[in-house]
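> Just need the structure, nothing else, for what follows:
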Amino acid sequence: MLELTGYEVGGQVYRSTASVVYRARRRSDGKPVVLKVLGEDYPSPERIAHFKREYEMARQLKHDTTVEALDLQREGRRWIMVLEDFGGESLRDLGLAGRLDLRGYLDLAIALARAVEAIHRRRVIHKDLTPGKISSVEVWAA
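Numbering: from 1, shown residues only. As a prediction, this is how the structure comes out:
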């Protein structure tokens, strides 16, 4: 289990070759957060710079369809991006493939199109938009 100063770290939400994402609670105020931890023990300067750019972009994307970036921290060798946790579940984890009726499918498609439009309006292109990185508070099952 991951241990970070100032956080009660819960379960792992997502893992890729670049990062690991955890749900956590900030000890100072009890706020639920998501911690995106750079996955490498010894990241290259280029990888650290990319992570910092990702954080800065997320901070600038303030919109009701995007997760707010709260902080960027370093603890030892670890780089941690602290993000708001609105309690949603990823589309991958919801397992909706083949379970949506036409109306549910169209509602989801429209919501996703609006979110991508909001990001594009800020001149950002998301290069890795996958069901594991799209979250919703609502369960869109029929």
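> Now do the residue lying farthest from the centre of the chain against Pro131, distance only.
Farthest-out residue of the chain from its mean C-alpha position, per CA atoms, centre = their mean: Leu102, at 27.4 Å. Distance check for Leu102 against Pro131: by CB to CB, to the nearest Å, it reads 19 Å. The way it works is simple: take the backbone N, C-alpha and C, and place the C-beta from them, glycine included.
> do Lys31 as well
According to CB to CB, Lys31 stands 27 Å off from Pro131.
> Please apply the same query to Val124.
20 Å.
> Could you do Val20 as well?
18 Å.
> do the same with Tyr42
According to CB to CB, Tyr42 stands 31 Å off from Pro131.
> if you count what's nearby, which of the two comes out ahead?
Pro131 (14 against 6; other CB atoms under 10 Å).
> from memory the more buried one sits against Arg92, does it?
Yes - checked against CB atoms under 8 Å, the pair Pro131 and Arg92 is within contact range at 4.1 Å.
> that older thread, which pLDDT value does the model give the residue farthest from the centre of the chain?
Note for Leu102: predicted pLDDT of 89.
> Residue ranges of each domain in the protein, please.
As given by automatic domain parsing, the domain ranges for the chain are 7-84, 89-136.
> Need the winner for burial among these.
Sort those by mean neighbour count, taking mean count of other CB atoms under 10 Å, and domain 7-84 sits at the top with a mean of 15.
> what distance separates it from the centre of its chain?
Relative to its parent chain, domain 7-84 has a centroid offset of 8 Å by CA atoms, centre = their mean, to the nearest Å.
> Start and end of that domain, how far apart?
End-to-end span of domain 7-84 (CA to CA, to the nearest Å): 13 Å.
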